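# How does the following fold in three dimensions:
(chains A and B)
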Amino acid sequence: TQLLEQSPQFLSIQEGENLTVYCNSSSVFSSLQWYRQEPGEGPVLLVTVVTGGEVKKLKRLTFQFGDARKDSSLHITAAQPGDTGLYLCAGAWGGGADGLTFGKGTHLIIQP
Amino acid sequence: GAVVSQHPSWVICKSGTSVKIECRSLDFQATTMFWYRQFPKQSLMLMATSNEGSKATYEQGVEKDKFLINHASLTLSTLTVTSAHPEDSSFYICSALPDRGNYNEQFFGPGTRLTVL
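Now for the predicted structure:
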């Protein structure tokens, strides 16, 4: 079983601060996705990364894929209360149509 | 685009009864769909891979005779929890992999909350 570690699990910061969430595996990902999930709802896809060293931006969110494709990070600049939620990284290692292995998630609270 | 629906959104049933959950891809075809389970305060756990026209593939520890999966068309997969017990109470979420999508990008349904009394 492939393991995927996500940290931190909980993070509470003030509005305007920056933060980074990390996702790591000991094996090379074929693809990695970041999702956001609201209570009682399904995860919503934010981004997919597949190429080592890849950087993708979504407004104030920056996603980076490690050169070795074993780790990824999500950086939020100038966090806002609307960013509050559960952020999940999910990876696959097989290269085909694979079910995803999810990290434990990061519960993010942005205080006004 | 890439919308996935689930029905019902929540269900309460008595112990010993069976419950069917539907997962539909509304605006795309999906040969492959997945079923996940999420317990309170925990992350999603893959239960099984559903393939149109063939048998589902189950993850280790998931009973295939208890969680019956049928993927009868390119837009519909169903999960039937047979002889449900209180420990089966959970949030069941499906995802669909567009046949014409990129890499392993999966789109998730809104989930079904199952409570077994």
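# what mean pLDDT does stretch B:33-46 have?
Averaged over stretch B:33-46, pLDDT sits at 93.
# so how far is it from its chain's centroid?
The chain centre lies 10 Å from the centre of stretch B:33-46; the measure is C-alpha atoms, centre = their mean, to the nearest Å.
# what comes up buried for that stretch?
B:33-38, B:43-46 (16 or more other C-beta atoms under 10 Å in any protein chain shown). Glycine gets a C-beta too; all of them are placed from N, C-alpha and C.
# distance between the ends of stretch A:93-111?
36 Å (C-alpha to C-alpha, to the nearest Å).
# If you count neighbours, what's buried in it?
So, applying 16+ other C-beta under 10 Å, buried residues of stretch A:93-111: A:93, A:97-106, A:108, A:110.
# What sits closest to residue B:31 if chain neighbours are left out?
Leaving aside its sequence neighbours, residue B:31 sits nearest to residue B:52 (C-beta to C-beta, 6 or more residues apart in numbering or on different chains; 4.8 Å).
# List the residues that contact the one you found.
B:30-32, B:71-74, B:77 (C-beta atoms under 8 Å, 6 or more residues apart in numbering or on different chains).
# redo that, cut-off 6 Å
B:31, B:71, B:74 (C-beta atoms under 6 Å, 6 or more residues apart in numbering or on different chains).
# Among those residues, which lie within strands?
Secondary structure defined by DSSP state E assigns residue B:71 of these to strands.
# any idea whether the residue most central in space within chain B is helix, strand or coil?
By C-alpha atoms, centre = their mean, chain B has its centre lying nearest to residue B:35, at 3.5 Å. With DSSP: H, G, I helix; E, B strand; the rest coil as the basis, residue B:35 sits in strand.
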